[in-house]
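Student: Everything below, folded, please.
(one chain, ligands or ions: 1)
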Amino acid sequence: MSESNLKSMNELVSLSKRRGFLFQSSEIYGGLASCWDYGPLGVELKNNVKNRWWKAMTFREDVEGIDASIFMHPTTWKASGHIDGFNDPMVDCKACKARYRADQIELTKPCVTCKAEGQFTEPRDFNLMFKTQMGAVEDPSAMVYLRPETAQGIFVNFLNVQSTMRKKLPFGIAQIGKAFRNEISPGNFIFRTREFEQMEMQFFVKPGEQKDWMEQWKELRLNWHLGNGLRKEKLRWHPHGENDLAHYADAATDIEYEFPIGWGEMEGIHSRTDFDLAQHQKFSGKKLEYVDQMDGNKKYIPYVIETSVGCDRAVLALLCDAYRLENEGDKDNERVVMKFHPSVAPIKAAVMPLMKKENLEEPARKLFAELQQHYKVEYDTSGSIGKRYRRQDEIGTPFCITVDYDTLEDHAVTIRDRDSMTQERVALDQVKKYIQDKFGF
Ligand code: GAP
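Tutor: All right, here's what the predicted structure looks like:
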């Protein structure tokens, strides 16, 4: 059996629309550039990713979760450096007015949109934060920003969490939430969008211990991606050299995935020193120190190891990684199959009565109701069994369970495995256990 991987992002965009993973935002109005809506299967996939992350990061003694507000006091962004420094260099083509990130194009080459030569404006800084007004008064003092990262909601709550949860260093705070950046050149499906979701964790440590913790978190985070089912050879580290480091970081590395557009950052692991807490202490006038009872009540500002993964990029990597085209060109045997790991697969099993006949539907409905208590399952009656298998393959359902006329005699069903396409006869009262044993959950 021959199989190939995803060749272009366009294939994924059309499968996503056809099968209900992702739709263009406000499509009936012609869409809104680079904004996407998760459909019924996309939201299941995304929720599975978020739940796996939440469990891995907060079901431990030394990490607590929060859910901070998207709007924050505007001074937050002064302190964090986003008002003064969160800029990308932007240029415009003088001929057609197309706008580019100066660091992403070659300014000596013709404009890729209109092909005019030597027509770019001088690069100028463009701040990526979205602004809006809070309240009824349109006044500069009522201006607020949509957060460009979730991290600052964690820093400003450092003392609240530490004191209410009686935490001792080292400990972390995790959250999942939306972030907004007015990207100059968004694109490549959900790789770079202006509204996206981050899953971030700040781990506060005693100064001097950051190197060890950085290594520990690097290993944990890579293993988390592998546990989602991503293939090892599609993942790599991209350590930041001295010259690429942000001014506040003493070490940083990215986890990259090989997308059809090339290698791209999926997660950043950063050693951020005491920069953020020190800045918030300075701008708020509130002490953000930790009193170390294990070290003679010494007071200091903790150092931070941050792990920051884009939820949408993690979803995109899973969609790209799962895609397989088998037996291309062989009319009878060609199929697209999404080989999701069972833990992230949107639908875990599909129950299919062979025909829409009451005597088959009754045991099928009963089995569906039983499985539904444990897993997200589908009840699928539309079209031939072959067509139903094809759809379930394309949405990555690990098992299809057929209730047929023999079921009425032997009280058993046929379970078809998505990847091997082999079939097994399993007793009706053993189906849940069969799935549980195969999945391990
Ligand atoms: N608090 C650190 C921080 O925000 P970042 O490298 O700017 O670091 C972290 O962002 C992650 O967020 C990235 O690795 C990426 O997965 C995701 N991300 C950033 N900008 C994005 C965008 N415009 N669209 C989708 N995901 C984005």
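
Student: What residues are bridge-paired with the closest residue to the ligand within the chain?
Tutor: Going by CB to the nearest ligand atom, the ligand is nearest to Gly310 of the chain, at 2.4 Å. Placement of C-beta: from N, CA and C, glycine included. For Gly310, the beta-bridge partners under DSSP bridges are Gln198.

Student: quick one: pLDDT of it?
Tutor: We have a pLDDT of 98 for Gly310.

Student: Wait, it touches Gln198, no?
Tutor: Yes: applying CB atoms under 8 Å, one finds Gly310 in contact with Gln198, separated by 6.0 Å.

Student: Give me the contacts around stretch 5-16.
Tutor: The contact list for stretch 5-16 (CB atoms under 8 Å, 6 or more residues apart in numbering) reads 21-23, 39, 42, 188-189, 259-261, 319-320, 323-325, 336, 394.

Student: In ChimeraX, how would I select just the buried ones from these?
Tutor: The ChimeraX selection below is limited to those of the contacts of stretch 5-16 classed as buried (16 or more other CB atoms under 10 Å):
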select :21,22,39,42,188,189,259,260,319,320,323,324,325,336,394
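
Student: Sort out for me which of the contacts of stretch 5-16 are in strands.
Tutor: Taking DSSP state E as the definition of strands, the contacts of stretch 5-16 contribute Leu22, Phe23, Phe259, Tyr323, Arg324, Leu325, Val336.

Student: Can I get these in JSON lines including distance to Leu6 and pLDDT?
Tutor: Shown next, in JSON lines, are the ones in strands among the contacts of stretch 5-16 (distance: CB to CB, whole Å; pLDDT from 0 to 100):
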{"residue": "Leu22", "distance to Leu6": "15", "pLDDT": "98"}
{"residue": "Phe23", "distance to Leu6": "19", "pLDDT": "98"}
{"residue": "Phe259", "distance to Leu6": "9", "pLDDT": "98"}
{"residue": "Tyr323", "distance to Leu6": "4", "pLDDT": "98"}
{"residue": "Arg324", "distance to Leu6": "8", "pLDDT": "97"}
{"residue": "Leu325", "distance to Leu6": "8", "pLDDT": "97"}
{"residue": "Val336", "distance to Leu6": "10", "pLDDT": "97"}
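
Student: The ligand contacts on the stretch 251-400 of the chain?
Tutor: Within the stretch 251-400 of the chain, the positions near the ligand by CB under 6 Å from any ligand atom are Glu265, Met266, Glu267, Gly268, Glu306, Ser308, Val309, Gly310, Asp312, Arg313.

Student: any idea how far the fourth one lies from Tyr145?
Tutor: Distance check for Gly268 against Tyr145: by CB to CB, to the nearest Å, it reads 21 Å.

Student: re earlier: Produce a PyMOL select command limited to the buried residues of the residues of the stretch 251-400 of the chain next to the ligand.
Tutor: Selection of buried members from those for PyMOL, criterion 16+ other CB under 10 Å:
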select buried, resi 266+267+268+306+308+309+310+312+313
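
Student: can you tell me which two in the residues of the stretch 251-400 of the chain next to the ligand are farthest apart?
Tutor: The largest separation in those, counting by CB to CB, is between Glu306 and Asp312 at 18.6 Å.

Student: ends of stretch 49-68, how far apart?
Tutor: End-to-end span of stretch 49-68 (CA to CA, to the nearest Å): 20 Å.

Student: Now do that stretch, average pLDDT.
Tutor: What stretch 49-68 shows for mean pLDDT is 98.

Student: Could you pull up the residues touching Asp244?
Tutor: Residues in contact with Asp244, defined by CB under 8 Å, 6+ apart, are Ala252.

Student: Which per-residue confidence value corresponds to Arg388?
Tutor: Per-residue confidence (pLDDT) for Arg388: 97.

Student: Quickly note the distance from it to Leu45.
Tutor: Distance from Arg388 to Leu45, by CB to CB: 20 Å.

Student: who has more neighbours, these two?
Tutor: Leu45 (26 against 19; other CB atoms under 10 Å).

Student: wait, that one sits on Val315?
Tutor: Yes: between Leu45 and Val315 there is a contact under CB under 8 Å: 5.9 Å.

Student: can you give me the helices in this structure?
Tutor: Assigned helices in the chain, in chain order: 9-19, 40-58, 75-80, 82-85, 151-155, 158-164, 210-227, 275-284, 311-322, 358-372, 385-395, 405-410, 431-439 (criterion: DSSP state H).

Student: Let's check: the centremost residue of this protein is which one?
Tutor: Nearest to the geometric centre of the chain sits Cys311, at 1.7 Å (CA atoms, centre = their mean).

Student: gap between the residue of the chain closest to the ligand and Pro170?
Tutor: Counting by CB to CB, the gap from Gly310 to Pro170 is 25 Å.

Student: Likewise for Ala322?
Tutor: 36 Å.

Student: Would you mind telling me which of the two has more residues around it?
Tutor: Ala322 (22 against 19).

Student: so what pLDDT did the more buried one get?
Tutor: Looking at Ala322, its pLDDT stands at 98.

Student: swap in Ala142?
Tutor: 85.

Student: ok, it touching Gly135?
Tutor: Yes: if you go by CB under 8 Å, Ala142 and Gly135 touch, sitting 5.2 Å apart.

Student: Looking at those two, which is more packed in?
Tutor: Shown here are Ala142 and Gly135; by other CB under 10 Å, Ala142 has more neighbours (13 against 9).

Student: Kind regards, and thank you for your time.
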